[in-house]
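>>> no sequence on this one, just coordinates:
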């Protein structure tokens, strides 16, 4: 009654008196905690709640209230412990499991998120919160078919939710169901025409499917709402590049780069310069970026590739060498270095790098292909044939590996096998 009449001081006095009579009384302590929170006295609010738990350690409502406060304070570990305590007190309660699942998912532990929510999900199979956490956890663990099951049920429960349709689209993208991806993204846009994530994803899908007319119309509509968006300028660059309009792609990427910078945008701009014939600009752009971002080995690999294509082999070797020093357990620069050294006639050094690449990625067909060419050069044609057969089995449509296998058969004296492989490669074209 006193609270209803806004006599806060009187109400506080009543609750304090209640705690004197019955220490740890949950309703009184929670009300006093509310007053303390209102007055921004977090420590006092926490103390009221902890006093309840000293006497009633399994009082779930108080545990969850305390967990919310600890979350506001950024104490993730403490929040996790409290939620686990709530689950221990009431194993069948849905809310503590849902909250723990969300916490673990946001902390990058999707498997333990699933472990937290699965008992609740079995009893509440249509709860939207549980379905969303489960679906996102399956996405994070690349169990895309399971994610699709969860998100289909979520869409059934929330057909007007753009987010539900968008999540289902992500699951379908993982399972490779392109038509369903498009349908789900279109449903997301229909549910909420202002949902930028869904609209951008749909534009990207249209570009990748080479449906350029639809992509242009969709992008034009987006630009009306966000004319200065760097994301949309980048997307326009992607569209122009896919259409082969490389100079237009350069212009779009440069507009985007006025407001933002990043490895991916730099890579796209460099690629557009290169495709438009501006090789010097492409290389300078990558050099300038790497001067400030020494460990960006994705762009360093691209620079090394451009050096190699431009016949600047010493520069390419230098970049591959830097990558090998920075990431010694990665097969890519080792394999590329082996190939360059092989082409330069340094067979001994090439073999050393090829062996290391093979140790790092023993079943990789590209590594086997490089190793086989080096072995062929050394006259070990039987070993080369064996490696190339394994490589072609992994990449049956790779014409280059097929051609190398035919060469190996020919050098090994198996002319008929060489002709057979060449005939098969010609038939596959």
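On my side now, so go ahead. Keep in mind it's a predicted model, so treat the numbers as computed, not measured.
>>> please make it C-alpha for all contacts and neighbour counts, starting now.
OK.
>>> what about residue 292, how many residues nearby?
Residue 292: 9 surrounding residues under other Cα atoms under 10 Å.
>>> swap in residue 400?
The tally of other residues near residue 400 (other Cα under 10 Å) stands at 12.
>>> how far away is it from residue 391?
Look at residue 400 and residue 391: by Cα to Cα, to the nearest Å, they are 11 Å apart.
>>> quick one: end-to-end distance for stretch 207-218.
Using Cα to Cα, the end-to-end distance of stretch 207-218 comes out at 10 Å.
>>> now find how far off-centre that stretch is within its chain.
24 Å (Cα atoms, centre = their mean, to the nearest Å).
>>> in it, what counts as buried?
Neighbour-count burial for stretch 207-218 flags 207, 212, 215, 216, 218 (criterion: 16 or more other Cα atoms under 10 Å).
>>> how near is the first one to residue 237?
When distances are taken as Cα to Cα, residue 207 and residue 237 turn out to be 11 Å apart.
>>> what of the second one?
Applying Cα to Cα, one obtains 13 Å for the distance of residue 212 from residue 237.
>>> do the third one as well
According to Cα to Cα, residue 215 and residue 237 sit 12 Å apart.
>>> that older thread, just the buried residues of stretch 207-218 now: which is nearest residue 42?
Within those, proximity to residue 42 (Cα to Cα) peaks at residue 218, which comes in at 49.1 Å.
>>> can you tell me the helix or strand for that closest one?
Element membership of residue 218 [criterion: DSSP states H and E] is helix 212-225.
>>> report the contact partners of residue 193.
By Cα atoms under 8 Å, 6 or more residues apart in numbering, the contact set of residue 193 is residue 199.
>>> switch the cut-off to 10 Å
By Cα atoms under 10 Å, 6 or more residues apart in numbering, the contact set of residue 193 is 162, 186, 187, 199, 222.
>>> circling back: need the residues touching each of residue 207 and residue 237.
Between them, residue 207 and residue 237 share these contacting residues under Cα under 10 Å, 6+ apart: residue 243.
>>> can you tell me which residue sits nearest the middle of this protein?
residue 140 (8.2 Å; Cα atoms, centre = their mean).
>>> hmm, residue 109 and it touching each other?
Yes. With contact defined as Cα atoms under 10 Å, residue 140 reaches residue 109; the gap is 8.9 Å.
>>> right, and residue 254 touches residue 265 too?
Yes. Residue 254 is within contact range of residue 265, at 9.1 Å (criterion: Cα under 10 Å).
>>> overlap of the contact sets of these two?
Common neighbours of residue 254 and residue 265 (Cα under 10 Å, 6+ apart) are 234, 237.
>>> residue contacts, residue 228?
255, 256, 259.
>>> distance check, it against residue 234.
The value you get for residue 228 to residue 234, if Cα to Cα is used, is 11 Å.
>>> anything in contact with each of those two?
Contact criterion Cα under 10 Å, 6+ apart; residues shared by residue 228 and residue 234: 255, 256.
>>> which helix or strand contains residue 63?
Per DSSP H and E, residue 63 falls inside helix 60-72.
>>> got any residues that touch both of residue 215 and residue 237?
Common contacts of residue 215 and residue 237 (Cα under 10 Å, 6+ apart): none found.
>>> can you pull the buried residues of the helix or strand that contains residue 425?
Assessed by DSSP H and E, residue 425 sits inside helix 415-428. For helix 415-428, the buried set under the neighbour-count rule, 16+ other Cα under 10 Å, comprises 417, 418, 421, 422, 425.
>>> for stretch 344-352, same thing?
In terms of neighbour count (16+ other Cα under 10 Å), stretch 344-352 has its buried residues at 347, 350, 351.
>>> which of these fall in helices?
In this view, the buried residues of stretch 344-352 that belong to helices under DSSP state H are 347, 350, 351.
>>> with pLDDT and distance to residue 191 as extra columns, can I get those residues in a markdown table?
Converted to a markdown table, those look like this (pLDDT from 0 to 100; distance: Cα to Cα, whole Å):
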| residue | pLDDT | distance to residue 191 |
| --- | --- | --- |
| 347 | 95 | 61 |
| 350 | 96 | 57 |
| 351 | 96 | 58 |
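>>> name the nearest of those relative to residue 308.
Nearest to residue 308, judged by Cα to Cα, of those is residue 350 at 15.9 Å.
>>> what sits against the closest one?
334-344, 370-371, 374.
>>> quick check: of these, which has the highest neighbour count?
When neighbours are counted by other Cα under 10 Å, residue 338 leads these with 30 neighbours.
>>> which residue ranges of the stretch 151-300 of the chain form strands?
Here the stretch 151-300 of the chain has no strands by DSSP state E, counting those that start in this stretch.
>>> all helices of it, in order?
Assigned by DSSP state H, counting those that start in this stretch, the stretch 151-300 of the chain shows helices spanning 162-175, 178-191, 196-208, 212-225, 230-242, 246-257, 263-275, 279-292, 297-309.
>>> of all the ones you listed, which lies closest to residue 156?
helix 162-175 (9.3 Å).
>>> show me how far stretch 308-327 is from its chain's centre.
That offset, for stretch 308-327, works out to 28 Å (Cα atoms, centre = their mean).
>>> ignore the last one, stretch 124-136
On Cα atoms, centre = their mean, the centre of stretch 124-136 falls 21 Å from the chain's centre.
>>> in it, what counts as buried?
127, 128, 129, 130, 131, 132, 133, 134, 135, 136.
>>> which one of these is nearest residue 28?
Of all the buried residues of stretch 124-136, residue 129 has the smallest distance to residue 28: 30.7 Å, by Cα to Cα.
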